[in-house]
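Novice: Attaching a predicted model along with its sequence, questions to come.
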Amino acid sequence: MKTKFTIFALLTFALFILSNNESTAQWVQQNSGTTYNLESVFFTDDNTGYCTGFNPNTYMGTIFKTTNGGNTWDSLLISMGAPYVVFFTDASTGYVGSYGSVLKTTDAGSTWTGYQLGYEVTF
């Protein structure tokens, strides 16, 4: 009796999962078009997003921005070593963190102001 109930429960669960496809996320793999190591991504809305990355040979970094939902990305020229994390508090104000420094924008990434944290991490 217990075995029949277990089989029934598993079949019911499997049918529920298979019939519930509308709740499954649809991901599409894309080529990044860069040799940079990509670290963090943040979208402020459905179309506008930012991604950090750095050259693994020089550890100099950049911020990439999209305005079309990730179909294309433009590099925002910055002078910073290996940016890792990106976060926006609203559509205009964002922060990018690296070892020993933080960049801040208040104009959706057009300009960035650097702040030194007073220490650096070295490996």
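Specialist: Noted; the coordinates are in hand.

Novice: Tell me where the chain has helices.
Specialist: Remark: helices of the chain, listed N- to C-terminal, are 2-19; assignment by DSSP state H.

Novice: so where's this protein uncertain?
Specialist: The model of the chain has pLDDT under 70 over residues 1-25, 119-123.

Novice: those strands in it, which residues are they?
Specialist: Counting by DSSP state E, one finds strands in the chain at the ranges 37-43, 49-54, 61-66, 74-76, 85-88, 94-98, 101-105, 113-116.

Novice: buried ones in the longest one?
Specialist: What it means is strand 37-43. By 16 or more other C-beta atoms under 10 Å, the buried positions in strand 37-43 come out as 39-40, 42. C-betas here are computed from N, CA, C, even on glycine.

Novice: Of the residues you listed, just say which sits nearest to residue 62.
Specialist: Comparing those against residue 62 with C-beta to C-beta places residue 39 closest, at 10.8 Å.
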